[in-house]
Each structure stands twice: as C-alpha cells, then as structure tokens.
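Coordinates for the following, if possible.
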Amino acid sequence: MTTPLLDTIQSPDDLRALSPAELPKLATELRTFLVNSVAGTGGHLASNLGTVELTLALHYIFDTPNDRIVWDVGHQTYVHKILTGRREAMAHLRQADGIAGFPRRAENVFDAFGTGHSSTSISAALGMAEAFLQTGSKQRAVAVIGDGAMTAGMAFEALNNAGNTDLPLLVVLNDNDMSISPNVGALNNYLARLMSGRFYAAARRAGEKVLSVAPPIRELAKRAEEHMKGMVTPGTLFEEFGFNYIGPIDGHDLDVLLDTLNNIKQLDGPQFLHIVTKKGKGYAPAETNPCLYHGVSRFDPATGVSEKAGGKPSYTQVFGDWLCDMATADSRLVGITPAMREGSGLVRFSQEFPKRYFDVGIAEQHALTFAAGLACEGIKPVVAIYSTFLQRAYDQLIHDVALQNLPVMLAIDRAGLVGADGPTHAGSFDLSFLRCIPNMLIAAPSDENECRRLLTTAFLHDGPSAVRYPRGSGTGATIEPVLTPVEIGKGVVRRSGHDVALIAFGSLVAPALVAAETLDASVADMRFVKPLDLDLLQELARTHRLLVTVEENAVAGGAGAGVAEALAALGIYTPILNLGLPDTFIDHGDPVKMLAGCGLDAAGIEHCVRQRITLLPHKGTPTF
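Numbers count the residues shown, from 1 in each chain. Coordinates of the predicted model:
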C-alpha cells in the first residue's frame, strides 16, 4: 500500500524534497485531512480549503522559516501549521493546551508574526524587510492578505509606505471574491509568467534608461504599458503605489504558482502578486456556502451537518431581533457593521431593511466616523461590532463620537472571554477603555430580556452609548416582545442577604446569584457601568460588611474599579473585593473552564469571598 505523501511531511524541508509533479496529490490529501480534522474540532474551514495550493507553493519556493511569511488575520493557516510539524496537534486545535487557531510566535518558529485581526500583514512584513536591510541579511518577507482585509485603511497605509522603498517585499493578494473565466484566466496566467520573468524586468529597465532622455516619450510608453495591463488586469492602482503588479492568476494552479513565485523571488523591489482562489475549494458544502463554513462547530464530514446548538437564543440573535423591531418602530435607525453581518446578527435586518443596512468592510475606524456623520444629521446609527474589533476604532470613538456627544449606539458582541478563538478575539478590555470616556452611557445586561430592554434604553438615549453582551446564550429568560426601556443609572437587587453584597455586572450576575445562595449574600444587578447607581451602592455599603464586584472584564480599570472610585469619592470605606479577569492574556479553551480558571464561576466567587471574610474586622467596626 502506498504511503500517503502527507505522512512523509514533517517540515517544509520534506515538502521541498518532493517533485512539483507530486504537489497536486499532496494538495488533495491536505484537503481531505482538513475536512476530517476541522470536523472533529471546529474552526475555520472555507478559508483554509481555499489556500492549500498557495501555502504549498510559498513553502516550496521560499526558504522558510529563514524567509518570513506573514499571514493576514491568520484564520487560513491550518495548512501552514500542518506543513510545519503540527499535523498531529491539529487534533487539539483551539482547545485548552492545544495549538491556536491563528499564528502565534511563541507556538512555532514558522509563525513569523502573531495575528488574529486583519490588515496588519503588509506593515509587519515591511518592517521585517527593512530589518533585513539594516542587518545586511538576504532574507525575504512575504505578506499574504485577503481581498476583505484589503478594505482596511491600514493596508493602504502600508502599501503607500512600501511603494516608496526598494525593499524586496512580496505582497500576495488572495482574492476569493471574484472569478475568472477560463479564457481570461489562461491569458492572465501566461502574462503573469511573462511579466514576472527576468527578461521582462530587464527589458523594462533597459527601456526606461533609453527613454529617460526623452521624458515625453517615456511618459507615453508608461501610459501605453498601463493601458495594456489595464485591459486584462486591475493592476494600475498597485503600480501607482510603486509595486510591480503581476496577475491575476489562478491560485489553484500549482504550475503557474510555482513558476510565478520562483520568478518573483529573483526580482528586486516591492512586488504585488494577485491570485484568485475559491473559498471552500474541494469540499462541496463549503464551496456552495463558504460563509456558513467560514467558522464551524464540530460537524459530520460526510454530510457537512453541524452539531445541534442549544435551544436558547444567543445574545446575538436577541440583538438581531431587537434591531428589526426597533427599526420598525423608528425610521431613523440604521445598522452598520464592519464586515460582520452574520457574526453580529444582522442578516435579517439586511434583508428587511436593505436601504438602512451598511456593511462598510473591515474598516472599524470608518464605521464609527461614518456613524458620527449620520448622527450629525438626525439619523440614529447602531454600530454592531465585536468588543475586540472596537479597540481598533478607539480614537474615532473618543474624537468623533463622544467629544461631540453624538447619539451613536454601540452594540458590542463577544464581550468577555470567547473560548476557542483565544486572546486575539477576547473582549476583555471594553469596560476599562469605555468607562474613562466622557459622555458615554455603558450598559451590561444580565440576561436576554435585560439585553432587549437595555438596547432600547441605549437607543433612546440622546448621546453616545454602548451595550455589551457575551458570546453565546444567556440564562434562558423569557423575552418580552415590547420595547421597554429602564431608568438610566438604576440597578436592581436580585437577592437580599447578610454581611456580603455581590455587586454584579452583566454575564456574571447569574453565577453571583448561585454563589449567593451558599453565602447568604445580597446580589445587585447593576445594569449600568456608567452611570453607576450611587444610591444603591451607598445603601449596600451601609448594610453590608463586605462588597464584592464581579465582572467579565479586566479588573484593571473595569467596573469594579469604578465602584471603588465612586465609594471613595463619597467618603465610604466599606471593604471591597474586585473580581474579574486577571492582568494577563488568557489562552483559548472551553469558555466555562476558562471562567472557572479565573475564579469567576459560582464556586470561584464563593471561594474568593470566604477567603476575604476571614480578614474582615469584627462586626460593629465603623466603615465610614
């Protein structure tokens, strides 16, 4: 029985020992392995199926890890991980103590740059190329970026910078959102081989030298070349940035990829290779619906059917339904997403209110300022955004929204820990970085119905607001169909007890209530992080010996810090314990176990409280 080629590959050195004729067979084996592997662990599938040949070609032609490959976002690096000694580790992908779903420098020497957010690859690879020049190294740097990531301003900032250098930087644009007809594709494949060859480059330099003595003729020749390229390629834009543009070529044709990359490797200066691939390539369900198979839970590889989710609606679904209901009630509402329609729950809204739905691409900064412009003219924008991606638009939030006190509402999904996606996608810091911004209203719902009510409250607020909610489902609370707001800045006592008051925010109200039963503690659902309910805090401080804040956010600067600051300003010095996420980046894993590891499940809260109770002064000791 013939040994599968994949079984012989432990590193790119093994890959480079194969003949080019063997690579298509290896690509087929890799696709089969990918489908079966991701079916068992969950993860990103369609994007990885689309980059099999590209990954093979890059490692085959370039001297990795000496040459650096920087993958944008990094959700398409599973084949890269398999080829670089982590094939067996794929069985524990995105699981506790297993390998990450994105590149991590600490994980493997072949992971040149850690990623998770988009549009960073060109900047990082340019920095590496400059470092090689500074140190006299002949190493090469390659940035692999998708057409979606190219919508972000940071990518164009890097292109603008790189085009003014002579650095041997290669940018590979993986375009999986367009198709090439067979005839045009064949023509472009031929032209790419020609234009990436040394003869073409040498002839071009010679022609430029000859024509340099006659500037008008040189300009005419340049425009003629651009016109010829423009008839069959979209490369003029990248040529204007200072890159030598090559493509588009078929990103699944290994012969073309190998020849073109090998030619490019011999060229000086910044090069731009445009390849066209198909998301989900080789697996029919993913080819048919690449969006559905972008990120998947465990599924049956034979049928493509995923594991059944729980019956409770997710917070994302609650938000999506609320958005449609509020849009029906208020014609001023518009919905904005930075390329996260499905993830943020805007599919139904986009279908029912297409003229009031705006997907601005992976452009978080633009999304916030676009919303600010809408708000200036009487529109009520709702920006649906993940907590981790909101970080990228912090200046716009402060300068363009909050400073002008504009009624822009942020619906912040994935607040807190996110499980398998790990620290690049965790929403660990939003309460800390939002709380310090003047004019902000910040709410944290404790269940699905509270989410609906607080979303309504924030939308009706005449100023900047944010409602943050976690990934997944809540407690299963009954959701009222009406759009009922709550009083801003007013919390509610969910349980009355003695000695200890648990001051809980958002997702941690539920475990606080469980812990309170064994502690006989009071539980306050604060609802709002800003403004805080000062009357409630004073009453809790007056009637309890210990106050304990609990939040699924970094302790540093979070909601608990706000409680401590508020009480100190009032001259109240009841002992206070702040519980939240520790001052570290928390690795991927099962979200329930991750919270438990941080001491934020019911048992952890109870344990921390009992430890602190032993240190309390005796009853009757003044706290004011």
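
Which parts of the stretch 1-150 of the chain are strands?
43-44, 68-71, 141-146 (DSSP state E, counting those that start in this stretch).

The helix or strand containing residue 449 packs against which elements?
With elements delineated by DSSP states H and E, residue 449 resides in helix 448-460, which encompasses its position. Judged by 3 or more CB pairs under 8 Å, 6 or more residues apart in numbering; DSSP states H and E, the packing partners of helix 448-460 are helix 315-329, strand 409-413, strand 441-443, strand 465-468. Every residue, glycine included, has its C-beta placed from N, CA and C.

Dump these into a markdown table; add mean pLDDT as well.
Shown next, in a markdown table, are the helices and strands packed on helix 448-460 (pLDDT from 0 to 100):
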| stretch | mean pLDDT |
| --- | --- |
| helix 315-329 | 98 |
| strand 409-413 | 98 |
| strand 441-443 | 98 |
| strand 465-468 | 98 |
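
export these to a markdown table and tack on distance to residue 382?
As requested, the helices and strands packed on helix 448-460 are exported to a markdown table (distance: least, CB to CB, whole Å):
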| stretch | distance to residue 382 |
| --- | --- |
| helix 315-329 | 6 |
| strand 409-413 | 5 |
| strand 441-443 | 14 |
| strand 465-468 | 10 |
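
can you pull the contacts of residue 295?
42-45, 75 (CB atoms under 8 Å, 6 or more residues apart in numbering).

rerun that using 10 Å as the cut-off
Going by CB atoms under 10 Å, 6 or more residues apart in numbering, residue 295 touches 38, 42-47, 75, 101, 342-343, 420-421.

Just the closest of these to residue 55, please.
residue 47 (11.4 Å; CB to CB).

Among the contacts of residue 295, which one sits closest to residue 82?
Using CB to CB, those come closest to residue 82 at residue 38, 11.4 Å.

Let me know which of the helices and strands packed on helix 448-460 is the nearest to residue 17.
strand 409-413 (46.3 Å).

residue nearest the centroid of the chain?
For the chain, the residue nearest the mean C-alpha position is residue 117 (4.6 Å; CA atoms, centre = their mean).

mind pulling up the phi and psi values for it?
The phi/psi pair for residue 117 (degrees, to the nearest 10) reads phi -90, psi 160.

And for residue 109?
Dihedral angles (degrees, to the nearest 10) for residue 109: phi -60, psi -20.

ok, now which ones touch residue 304?
Residue 304 neighbours (CB under 10 Å, 6+ apart): 35, 39, 45, 283-286, 288-289, 292-293, 296.

tally of neighbours for the residue nearest to residue 445 when sequence neighbours are not counted?
Using CB to CB, 6 or more residues apart in numbering and skipping the chain neighbours, the partner closest in space to residue 445 is residue 451 (3.8 Å). Close neighbours of residue 451, defined as other CB atoms under 10 Å, add up to 26.

hang on, residue 451 packs against residue 480?
No: counting by CB atoms under 10 Å, residue 451 sits too far from residue 480 to count as a contact (11.3 Å).

So residue 592 is in contact with residue 470, correct?
No: the pair residue 592 / residue 470 is not scored as a contact, 12.0 Å apart, by CB under 10 Å.

Between those two, tell me which one has more neighbours.
residue 470 (26 against 12).
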